[in-house]
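Chemist: Provided below are the primary sequence and the corresponding predicted coordinates.
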Amino acid sequence: MIEAVLLDLFGTLVKWAPDAEEMQRDAAAAEGLPVSIEAIARAYPAANAYMNAENARTHIDRRSAGERARFFAEYERRLLSAAGYDVEPALAERIWARVQATEKGLAPFDDAVPALRALREAGLTLGVVSNMGRELGAILDDLGLAAHLDSWMSSEEAGVAKPHAAIFTAALERAGVRADAALFVGDSYEADVLGAQDAGMRAALLLRDRGAAAPAGCTVVRTLADVLALTRSAGSAPGGA
């Protein structure tokens, strides 16, 4: 019986505004590289898999300024490579610097608040697990999401980042639910699905790109509106008919 739904934050509940793909396109164009939004969108899973692996090794925020700069230059290089553009590290670094300098903010996806409301009305406990730092609570409050959640757990507070099972375990303890009674939803197979499963939770991969294929055997939702039906098919909380 599913009693709680825990969710990833960035890429699942919230996104950059303007969109990350737009920022990447404009930054690359400013450096003379014509990259399409579609190519960047297809490339993000590969680049983010690299980020997740590096976070599992040593959280990016805990590295020195020089180490972080080298990481993000390599992240950008891998992103562009997956988009079909092999560039020198120096060019990747300049493009990343332009992306970072772009004025931007976080904004909820259109389906985020409606889905959270529907899940709460179904009697489910709701929480967020994020690799963001201690400012997570303030971010959720500023975005109007905190009012729809029962708890949240950041990597800074847990002491480890996803995909480590310990951050999920800490989030479950804070939410007051057992691992086998919780469903985790996130947009990263490595960090969210595999990490949650290692902690004993059920997990679903959010793939907003309907043309994208999921790893074999992975439960998929295409929109957050699909999560409620998934909890019902798995067994929901009392009163969540």
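Modeler: That came through, no problem.

Chemist: Now Ser154: closest residue in space that isn't a chain neighbour?
Modeler: If the residues on either side of it in the chain are set aside, Ser154 comes closest to Leu136, at 4.1 Å by CB to CB, 6 or more residues apart in numbering. Bear in mind the C-beta positions are built from the backbone N, C-alpha and C, glycine included.

Chemist: what do you get for Val177?
Modeler: Nearest non-adjacent residue to Val177, counting by CB to CB, 6+ apart: Ala4, 4.2 Å away.

Chemist: ok, that neighbour - how many residues close by?
Modeler: 25 (other CB atoms under 10 Å).

Chemist: The one 5 residues further on now?
Modeler: Applying other CB under 10 Å, we find 24 other residues in the vicinity of Leu9.

Chemist: Tell me where the chain has strands.
Modeler: For the chain, the strands defined by DSSP state E occupy 4-7, 14-17, 105-108, 125-130, 151-154, 182-186, 202-206, 220-221.

Chemist: now what about the shortest one, what contacts it?
Modeler: Contacts of strand 220-221 with the rest of the structure, by CB atoms under 8 Å, 6 or more residues apart in numbering, involve 185, 204-207, 214, 227, 230.

Chemist: how about 6 Å then?
Modeler: Strand 220-221 has contacts (CB atoms under 6 Å, 6 or more residues apart in numbering) with 204-207, 214, 227.

Chemist: Generate a PyMOL selection restricted to the buried subset of the residues you listed.
Modeler: To isolate the buried ones among the contacts of strand 220-221 in PyMOL, judged by 16 or more other CB atoms under 10 Å, type:
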select buried, resi 204+205+206+207+227
